[in-house]
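Peer 1: Please find the sequence and the predicted model below.
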Number of protein chains: 2
Amino acid sequence: MELYSERGYEQTTVAEIARRAGLTERTFFRHFADKREVLFSGSANLQDAMVSAVANAPESAAPIDAVAAGIEAAGGFLQDRDYSRRRQAIIAANTVLQERELIKMASLASAIARALRKRGVSDPAASLTAEAGTAVFRIAFERWIDEGNEKDLRVLIRESFEELRSLVA
Amino acid sequence: MELYSERGYEQTTVAEIARRAGLTERTFFRHFADKREVLFSGSANLQDAMVSAVANAPESAAPIDAVAAGIEAAGGFLQDRDYSRRRQAIIAANTVLQERELIKMASLASAIARALRKRGVSDPAASLTAEAGTAVFRIAFERWIDEGNEKDLRVLIRESFEELRSLVA
């Protein structure tokens, strides 16, 4: 990712990334489907962490509380604010990467909705709660990587949930 | 759009679309940037209708009520359920079209957030309300085009708003 920051995403080739990482191109392609995936390979782990937290919330938890547990699990997963800031700056500068990010967020919302349905939540409640939770996550994340923000991501997630609650009340 | 339903989106050429519509290819490209835009050319009008309704909500309206007015304006804009069903079936069958749809929805949420900021709503409230409203719209729309659903889109939008309210309460 350093190379994307230094030279720009478009200008960086897989050969250069592999060289910087001390890998052959063949090894690179064993780990990543393409050069976009260097930026998105963490998304699957993030999604898994969120989905298990939703699944493992207490049986008595309301759908919104199960989703809150999932989103807060993501808050524990993302720790390196500087890395996330640099990554987001690369994505913001490239339309194709922004689209990939939108797709990953849509897939996250669907995965959370599925986890809620497995808990016995019916639709439209499952989809609505998953979408609302994903929106809270996205907005808390944006605030977290905003320059000058020093608050912990989990605190921002809790604040954004409270804000949503008072906005729709 | 008929041709996409009959022959599949991938298999349909611009030449065939133009012929069916009684246009030359040159005239086609005066109206649409590419063949995807046949399906998405209404999105800009939809977005404009929603944004003006948000802007024109009573000054005293809370952010969520201004957004509700915007979303309900979309309910008035979309009247032809059969058309929307056919269109959605074409999009669901093609990844590139699904991505374009996600991009249009993200752009809709940003436009609504901007309209709220112009009303003096600060962030994160503006983004959160816009995202929540867009989620309500998407879910009400999915229910509306679901086979067997006979309810009016505006009724479904109101129901989904109520559902969101009780879910996050």
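Peer 2: Alright, I've got the coordinates.
Peer 1: count of residues packed around residue A:73?
Peer 2: Using other C-beta atoms under 10 Å in any protein chain shown, the number of residues around residue A:73 comes to 21. The way it works is simple: take the backbone N, C-alpha and C, and place the C-beta from them, glycine included.
Peer 1: Nearest spatial neighbour of it, chain-adjacent residues omitted?
Peer 2: residue A:53 (3.6 Å; C-beta to C-beta, 6 or more residues apart in numbering or on different chains).
Peer 1: Mean pLDDT per helix and strand in chain A: which one sits at the bottom?
Peer 2: helix A:2-7 (a mean of 76; mean pLDDT, DSSP states H and E).
Peer 1: List the contacts of it.
Peer 2: A:12, A:16, A:17, A:20, A:38, A:39, A:86, A:89, A:90 (C-beta atoms under 8 Å, 6 or more residues apart in numbering or on different chains).
Peer 1: Quick check, the last one in contact with residue A:36.
Peer 2: Yep, that's residue A:90 we're talking about. No - at 10.5 Å, residue A:90 and residue A:36 do not qualify as touching, with contact defined as C-beta atoms under 8 Å.
Peer 1: and the longest helix seen in chain A, what other elements does it pack with?
Peer 2: In chain A, with assignment by DSSP state H, the single longest helix is helix A:95-118. For helix A:95-118, the packing partners by 3 or more C-beta pairs under 8 Å, 6 or more residues apart in numbering or on different chains; DSSP states H and E come out as helix A:37-55, helix A:63-77, helix A:81-92, helix A:125-145, helix B:95-118.
Peer 1: now with 6 Å?
Peer 2: Other helices and strands packing on helix A:95-118, by 3 or more C-beta pairs under 6 Å, 6 or more residues apart in numbering or on different chains; DSSP states H and E, are helix A:37-55, helix A:81-92, helix A:125-145, helix B:95-118.
Peer 1: How about residues contacting the second one?
Peer 2: Same thing as helix A:81-92. For helix A:81-92, contacts defined as C-beta atoms under 6 Å, 6 or more residues apart in numbering or on different chains pick out A:4, A:5, A:9, A:39, A:97, A:98, A:101, A:145.
Peer 1: Same check on the third one?
Peer 2: By C-beta under 6 Å, 6+ apart, the surrounding residues in contact with helix A:125-145 are A:63-64, A:67, A:71, A:84-85, A:88, A:108-109, A:112-113, A:116-117, A:149, A:153, A:156-157, A:160-161, A:164, B:124, B:127-128, B:131-132, B:135, B:139, B:163-164, B:167.
Peer 1: I'd like to know how far the residue lying farthest from the centre of chain A sits from chain B.
Peer 2: Distance from the C-alpha centroid of chain A, by C-alpha atoms, centre = their mean, peaks at residue A:24 (28.8 Å). Noted for residue A:24: a distance of 31 Å to chain B, by C-beta to the nearest C-beta, to the nearest Å.
Peer 1: same thing with residue A:163?
Peer 2: Between residue A:163 and chain B the computed distance is 6 Å (C-beta to the nearest C-beta).
Peer 1: on that earlier part again, read off the pLDDT value for the residue farthest from the centre of chain A.
Peer 2: For residue A:24, the pLDDT comes out at 83.
Peer 1: what do you get for residue A:160?
Peer 2: pLDDT, read off for residue A:160, is 92.
Peer 1: show me what contacts it?
Peer 2: Contacts of residue A:160 (C-beta under 6 Å, 6+ apart): A:136, A:139, A:140.
Peer 1: Just give the number of residues close to the first one.
Peer 2: Spelled out, it's residue A:136. For residue A:136, using other C-beta under 10 Å, the count is 29.
Peer 1: so can I have JSON lines of the contacts of residue A:160 showing distance to residue B:43 and pLDDT?
Peer 2: Converted to JSON lines, the contacts of residue A:160 look like this (distance: C-beta to C-beta, whole Å; pLDDT from 0 to 100):
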{"residue": "A:136", "distance to residue B:43": "26", "pLDDT": "93"}
{"residue": "A:139", "distance to residue B:43": "23", "pLDDT": "92"}
{"residue": "A:140", "distance to residue B:43": "28", "pLDDT": "92"}
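Peer 1: which one of those sits closest to chain B?
Peer 2: residue A:139 (5.0 Å; C-beta to the nearest C-beta).
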